[in-house]
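can't give you the sequence, but here's the structure:
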């Protein structure tokens, strides 16, 4: 079937949503991929954009796919305990997680900026269980339209919070705790050292996006409001997918696992609200 190419023009921070899309497509084309996402391949063919200008390094595409695979695991684990639960994906971009983990019962909400959702609707259809919300993450009026008290909820913020100011991240946690107490949140975070140096990373540099927030000790978040509980800190050096990589990358990730600063540079955090 022939499709019309979709033009794309986003603001700097929004343009970064093309990095995970491109990364997943790159990895999906590998002979023995650590992560396969047919939807990313389909969308890459249908979006009119100069993807080579993103200059996505192989290591970046690997870490994006490791991150996606691990958050998929967290989501499947949540749904195994709460089959009819609610999942809210903040800053969803063009991600296809709903189709990857759908158990036939979950109620799912993907949220992003209006122009992102406008593009997203060209590739995804809403249903009685799958919904899209066009809103800024920091405009918390979106929380009022969700049936968040009906079932346990999992909140996902993948590749998002580092682009927010710390006060916005703190307010987000406080609002989520207020609106959906007892829920879980999974997100990836940079260390403060990574925040200082990430502007030199080729893909981030090519978009001109600004990274603001990083955290070294995740337990600091527990002090933001009473009732937030730190559950787990997961490092990329722990990824089971490393075994499928070539020797050089296996050694790189294994070596990183011996150094606290390297492990904490970029990792996934899990909290109960």
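On my side now, so go ahead. These figures come from a predicted structure and were not determined experimentally. Numbering: from 1, shown residues only.

going forward, measure contacts between C-alpha atoms and count neighbours the same way
Will do.

list the contacts for the closest residue to residue 186 other than its chain neighbours?
The shortest distance from residue 186 to any non-neighbouring residue, by C-alpha to C-alpha, 6 or more residues apart in numbering, is to residue 270 (4.5 Å). Residues near residue 270 by C-alpha atoms under 8 Å, 6 or more residues apart in numbering: 184-187, 230-233.

where does residue 270 fall, phi/psi-wise?
phi -130, psi 130 (degrees, to the nearest 10).

and the gap between it and residue 37?
24 Å (C-alpha to C-alpha, to the nearest Å).

same check, this time on residue 46
Residue 46 is 15 Å from residue 37, where distance means C-alpha to C-alpha.

between those two, who's got more neighbours?
Legend: neighbour count by other C-alpha atoms under 10 Å for residue 46 and residue 37, higher for residue 37 (20 against 17).

Please tell me I have it right and that one contacts residue 23.
No - Residue 37 is not in contact with residue 23 according to C-alpha atoms under 8 Å; the separation is 10.1 Å.

Can you work out which residues contact both of those two?
Overlap of the contact sets of residue 37 and residue 23 (by C-alpha under 8 Å, 6+ apart) is empty.

got a pLDDT number for the residue nearest to residue 186?
Per-residue pLDDT puts residue 270 at 98.

Enumerate the beta-bridge partners assigned to it.
Judged by DSSP bridges, the bridge partners of residue 270 are residue 186, residue 232.

Where does the prediction get shaky in the chain?
For the chain, residues meeting the criterion pLDDT under 70 lie at 1-15, 148-150, 199-208.

Quick one: the strands in it, in order.
6-7, 47-48, 86-90, 107-112, 130-134, 153-157, 184-190, 229-235, 266-272 (DSSP state E).

Could you export these to TSV, including columns for distance to residue 27?
Listed next are those as TSV, based on distance: least, C-alpha to C-alpha, whole Å:
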stretch	distance to residue 27
strand 6-7	22
strand 47-48	18
strand 86-90	23
strand 107-112	24
strand 130-134	27
strand 153-157	22
strand 184-190	20
strand 229-235	20
strand 266-272	20
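
Which of the ones you listed sits closest to residue 145?
strand 130-134 (9.5 Å; C-alpha to C-alpha).

what sits up against stretch 239-251?
Stretch 239-251 has contacts (C-alpha under 8 Å, 6+ apart) with 32-34, 66, 70, 253.

Flag every buried residue along it.
For stretch 239-251, a neighbour-count test (16 or more other C-alpha atoms under 10 Å) marks 241-242, 249-250 as buried.

and if you look at stretch 38-50?
39-41, 43-44, 46-47.

Ok, stretch 214-234 next?
For stretch 214-234, burial by neighbour count (16+ other C-alpha under 10 Å) applies to 214-216, 218, 221-222, 225, 228-230, 234.

repeat for stretch 255-264
By 16+ other C-alpha under 10 Å, the buried positions in stretch 255-264 come out as 256-257, 262-264.

Which residues does it contact?
With C-alpha under 8 Å, 6+ apart, stretch 255-264 has contacts from 190-191, 216, 235-238.

Mind doing that once more with 6 Å?
Outside stretch 255-264, the residues that touch it by C-alpha atoms under 6 Å, 6 or more residues apart in numbering are 191, 235, 237.

residues in contact with the last one?
By that I understand residue 237. 253, 257.

Likewise for the first one?
Contacts for residue 191 were tallied using C-alpha under 6 Å, 6+ apart; they are 214-216, 264-265.

coming back round to it: taking the contacts of residue 270 together, which two end up most distant?
Among these, 184 and 233 lie farthest apart (C-alpha to C-alpha), at 13.8 Å.

Enumerate every residue touching the closest residue to residue 268 other than its chain neighbours.
Closest residue to residue 268 apart from its sequence neighbours, by C-alpha to C-alpha, 6+ apart: residue 188 at 4.1 Å. By C-alpha under 6 Å, 6+ apart, the contact list for residue 188 reads 158, 267-269.

Show me which of those residues is closest to residue 170.
residue 269 (14.8 Å).

And for that closest one, the neighbour number?
Residues contacting residue 269 under the criterion other C-alpha under 10 Å number 17.

nearest spatial neighbour of it, skipping sequence neighbours?
Leaving aside its chain neighbours, residue 269 sits nearest to residue 233 (4.7 Å; criterion: C-alpha to C-alpha, 6+ apart).

my guess is the one you found meets residue 271, correct?
No - Residue 233 is beyond contact range of residue 271, at 9.2 Å (criterion: C-alpha atoms under 6 Å).
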